[in-house]
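Participant: for reference, the sequence and a predicted model appear below.
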Amino acid sequence: MKYLDEYRDGDIAAKLVERIKRMQTRPWVIMEVCGGQTHSIVKNGIDHLLPKGVELVHGPGCPVCVTPLEMIDKAHAIARRPDVIFCSFGDMLRVPGSDGDLFSIKSSVGDVRVVYSPLDCIKIARANPDKQVVFFAIGFETTAPANAMLAWQARQMGLTNVSLLVSHVLVPPAIEAILSSPQNRVQGYLGPGHVCAVVGYAEYEPLAARFHVPIVVTGFEPLDILEGVLMVIDQLESGRADVENQYSRVLDRGGNRPAQDLIGKVFEVSDRKWRGVGMIPRSGFQLRDEFRAFDAEHRFSVQAIDTMEPAVCISGQILQGIKKPHDCPAFGTECNPQHPLGATMVSAEGACAAYYAYGRHLKDADLVTLGDNR
Amino acid sequence: MCLAIPGKVVETFTAEGMHMARVQFGGVTREACLDYVPETQVGEYVLVHVGFAISRVDEEEARRTYEALAELDQLGELDIPEVSDRSGGVS
């Protein structure tokens, strides 16, 4: 527990915070992209440790959160079919669609199973040849190698009862959309560590150059995040806008080539709608034509479904760093993890759910901080 | 859910043409696909995301990351039962 003890003792953390304070001369807004980073920041009160003027805003990097309601409704329509075993990562089961969630379908009409890995679907499909096994293939680049392998193996093995409901999204187009918005406030980024373990960080270099924003690929541990913030502020204060790697003990610029190769064989880039944000061009993956037979939308001919998000929900602005959970009148009252109204409350990695989980919906909760640096 | 969990490779084998391993996470051992880090040897540590090793790490990094994930309550997926080959149900 050496590393965490050091954080708790505050020695290294305090030194990093002190260096940030000494370096910072102007207010800066920094966005962390990864939902795991958001969770770590809120749980550890890292935003409260930082000096006044260094604001952390929470980006769209929770795949469960940004899966559009239409796609969730499609999943539910397929999961209700008597001939289907619907498989999903556990995080998706409590996300409400227009009519209930996968848990309620599991306990009533459907055979819904939580799987650890997409490859579990192959075992389930072989053991249940009279059933159609459908996997809800959500995720960012980190999850794409796993989901690609399911499609690849299903085709290699000639399995006719496996398909994927694909709702894959990509980080760089979302960063581009946020930076292109006239309302943008974000001046620097903590890049997503485990996403870049797969794809590397070369593709972030054009973004940093075009928008003149520093991007520091960062881990998710408290000291990683503080060091990432320090590296971003160092760049901001000196007028640089480079891609740097705080997380070099795990990843390099090129990422994982074998994983990238299989992703490229199975998926192609496509337009995707993001919950709370809307359509972002070329911001996700769809199965290539060669794998169309394994596309659940194609196999089950699910029609486009019209959905309505609650008007009060501001999750789209929160995902883009324009607003914070406390700016929403429904936060912690009519909107909470048991009854989420929008993207940022539906998963523990969403900004609103993380704020709620660590008591920030309570009155005066923001006064309880780990440091006294504000 | 983009976090990957570090574990120790305790056994390697081939299944359906894939390079597979048993990987130990704390007290739990799970199957993981090694196709994306094929050079990995028994005794080494890998970061595993939804049953796929995506990166190799050293023992110290693995230990520290595992403890950090435990702190963040991010090890829940290891509680999901393994699917058995025969029944397709949980074992």
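Facilitator: In hand now; what should we look at? Residues are numbered from 1 along each chain as shown, chains lettered A, B, ... in the order given.

Participant: paired strands for the strand ranked longest in chain A, with orientation please.
Facilitator: Counting residues, the longest strand found in chain A (DSSP state E) is strand A:278-287. Paired neighbours of strand A:278-287 in the sheet (DSSP bridges): strand A:162-169 (antiparallel), strand A:267-274 (antiparallel).

Participant: just give the nearest non-adjacent residue to A:L119, would you?
Facilitator: The shortest distance from A:L119 to any residue other than its chain neighbours is 5.6 Å, reached at B:G51 (Cβ to Cβ, 6 or more residues apart in numbering or on different chains). C-beta here means a position set from N, CA and C on the backbone, and glycine is covered the same way.

Participant: let me see the backbone angles for that neighbour.
Facilitator: The phi/psi pair for B:G51 (degrees, to the nearest 10) reads phi 90, psi 10.

Participant: that one touches A:P118, doesn't it?
Facilitator: Yes: the criterion here is Cβ atoms under 8 Å, and B:G51 meets it with A:P118 at 7.1 Å.

Participant: hey, what's in contact with both of these two?
Facilitator: Both B:G51 and A:P118 are in contact with A:A146, where contact means Cβ atoms under 8 Å, 6 or more residues apart in numbering or on different chains.

Participant: tell me which stretches of the stretch 251-374 of chain A form helices.
Facilitator: Secondary structure of the stretch 251-374 of chain A (DSSP state H, counting those that start in this stretch): helices at A:257-266, A:296-299, A:315-319, A:351-357.

Participant: same question, chain B
Facilitator: For chain B, helices defined by DSSP state H occupy the ranges B:59-71.

Participant: repeat that for the stretch 51-200 of chain A.
Facilitator: A:63-66, A:69-79, A:102-106, A:120-127, A:144-156, A:171-180, A:193-199.

Participant: right, and those helices - which one's nearest chain B?
Facilitator: Chain B lies closest to helix A:120-127 among these, at 2.5 Å (Cβ to the nearest Cβ).

Participant: what angle sits between that closest one and strand A:162-169?
Facilitator: Counting by axes from the mean of the first three to the mean of the last three Cα atoms, to 10 degrees, helix A:120-127 lies at 160 degrees to strand A:162-169.

Participant: close to chain B, is helix A:120-127?
Facilitator: Yes: legend: contact between helix A:120-127 and chain B by Cβ under 8 Å from any Cβ of the partner chain is shown at A:D120, A:I122, A:K123, A:I124, A:A125, A:R126, A:A127.

Participant: now stretch A:213-231
Facilitator: Yes: counting by Cβ under 8 Å from any Cβ, chain B is contacted by stretch A:213-231 at A:F220, A:E221, A:P222.

Participant: now for the spatially closest residue to A:I72 that is not a sequence neighbour, how many residues are close by?
Facilitator: Leaving aside its chain neighbours, A:I72 sits nearest to A:G97 (4.3 Å; criterion: Cβ to Cβ, 6+ apart). Using other Cβ atoms under 10 Å in any protein chain shown, A:G97 is surrounded by 21 other residues.

Participant: interface residues of the stretch 1-150 of chain A facing chain B?
Facilitator: By the rule Cβ under 8 Å from any Cβ, the part of the stretch 1-150 of chain A lying against chain B is A:1-4, A:34-36, A:39-40, A:43, A:61-64, A:89-91, A:114-120, A:122-128, A:139-140, A:142-143, A:145-146, A:149.

Participant: next one: the stretch 251-374 of chain A
Facilitator: So the stretch 251-374 of chain A meets chain B at A:L251, A:N256, A:P258, A:A259, A:L262, A:S347, A:E349 (Cβ under 8 Å from any Cβ).

Participant: now, of these, which are buried?
Facilitator: A:L251, A:N256, A:A259, A:L262, A:S347, A:E349 (16 or more other Cβ atoms under 10 Å in any protein chain shown).

Participant: biggest separation within those, which pair?
Facilitator: Using Cβ to Cβ, the two most remote members of these are A:L262 and A:S347, lying 26.6 Å apart.

Participant: contacting residues for the closest residue to A:E290 other than its chain neighbours?
Facilitator: Take A:E290 and drop its neighbours on the chain: the residue closest to it by Cβ to Cβ, 6+ apart is A:R155, 7.7 Å away. Counting by Cβ under 8 Å, 6+ apart, A:R155 makes contact with A:E290, A:F291, A:A293, A:F294.

Participant: send me the lowest-mean-pLDDT helix or strand in chain B as PDB with only the CA atoms.
Facilitator: When each helix and strand of chain B is scored by mean pLDDT, DSSP states H and E, helix B:59-71 comes last, with a mean of 87. What follows is helix B:59-71, C-alpha atoms only, in PDB (Å, rounded to 0.1, in the frame of the first residue of the first chain):
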ATOM      1  CA  GLU B  59       4.900  -6.400 -10.700                       C
ATOM      2  CA  GLU B  60       5.200  -3.200  -8.700                       C
ATOM      3  CA  GLU B  61       2.800  -1.400 -11.100                       C
ATOM      4  CA  ALA B  62       0.400  -4.300 -11.000                       C
ATOM      5  CA  ARG B  63       0.300  -4.300  -7.200                       C
ATOM      6  CA  ARG B  64      -0.200  -0.600  -7.000                       C
ATOM      7  CA  THR B  65      -2.900  -0.500  -9.700                       C
ATOM      8  CA  TYR B  66      -4.800  -3.400  -8.100                       C
ATOM      9  CA  GLU B  67      -4.800  -1.700  -4.700                       C
ATOM     10  CA  ALA B  68      -6.000   1.600  -6.300                       C
ATOM     11  CA  LEU B  69      -8.800  -0.200  -8.100                       C
ATOM     12  CA  ALA B  70      -9.800  -1.900  -4.800                       C
ATOM     13  CA  GLU B  71      -9.900   1.600  -3.200                       C
END
